[in-house]
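Student: this is the structure alone, sequence omitted:
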């Protein structure tokens, strides 16, 4: 199921990375105002996802970390956004979870890059450096996807696609304000 999810969301993932300052992060020249925008996007995304998922095993607190970093950087706290996820079954929620856990995994790499960025002060990106046992959660998630109830489930793919589209919608909204 994981390979089907990756394939179905590959273009959306790539397009989103282009909007999320990936080149600047990797090249070590991300500026503080760009970090603030990334934190706003992630705050809005995770706030909605955490509220929507309601999966006790996968309790994430990523929005709180982004909120704290925005306060440290004197960034404006965005208002709640209507996420409009269309499904409520477990398979759909696992599609959304795939995107949120995957983004959390990516945070580890981003934190390493930010550590080396002279334009960003350390201590201003705990959102990226704190990942809530994500490796254990990811392994558990992958193991659960082997359950026959997820095999060829269109709902899980729909949830993943919707989550990437929502992430992109937020990114467009934040970047449009500039």
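Tutor: Happy to help now that I have it. Note that the structure is predicted; figures quoted are calculated from it, not measured.

Student: now do the helices in this structure.
Tutor: Here the chain has its helices, by DSSP state H, at 2-19, 22-27, 32-53, 62-72, 90-115, 126-129, 134-145, 154-176.

Student: buried set for the fourth one?
Tutor: Spelled out, it's helix 62-72. Neighbour counts over helix 62-72 (16 or more other Cβ atoms under 10 Å) mark 62-70 as buried. C-beta here means a position set from N, CA and C on the backbone, and glycine is covered the same way.

Student: who are the packing partners of it?
Tutor: helix 32-53, helix 126-129 (3 or more Cβ pairs under 8 Å, 6 or more residues apart in numbering; DSSP states H and E).

Student: check the buried residues of helix 62-72 and tell me the two furthest apart.
Tutor: For the buried residues of helix 62-72, with distances taken as Cβ to Cβ, the pair at the greatest spread is 62 and 70 (12.6 Å).

Student: lowest average confidence, helix or strand, in the chain?
Tutor: helix 126-129 (a mean of 87; mean pLDDT, DSSP states H and E).

Student: could you list the buried residues of that helix?
Tutor: Those buried within helix 126-129 under the rule 16+ other Cβ under 10 Å are 127-129.

Student: give me the pLDDT for residue 8.
Tutor: In this prediction, residue 8 carries a pLDDT score of 94.

Student: center of the chain, which residue is that?
Tutor: residue 103 (3.9 Å; Cα atoms, centre = their mean).

Student: what sits against that one?
Tutor: Neighbouring residues of residue 103 by Cβ atoms under 8 Å, 6 or more residues apart in numbering: 42, 45, 167.

Student: take these and write them to JSON lines, including neighbour count, pLDDT and distance to residue 24.
Tutor: JSON lines is the format used below for the contacts of residue 103 (neighbours: other Cβ atoms under 10 Å; pLDDT from 0 to 100; distance: Cβ to Cβ, whole Å):
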{"residue": "42", "neighbour count": "27", "pLDDT": "95", "distance to residue 24": "16"}
{"residue": "45", "neighbour count": "25", "pLDDT": "95", "distance to residue 24": "19"}
{"residue": "167", "neighbour count": "25", "pLDDT": "94", "distance to residue 24": "18"}
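
Student: fine by me, we can end here.
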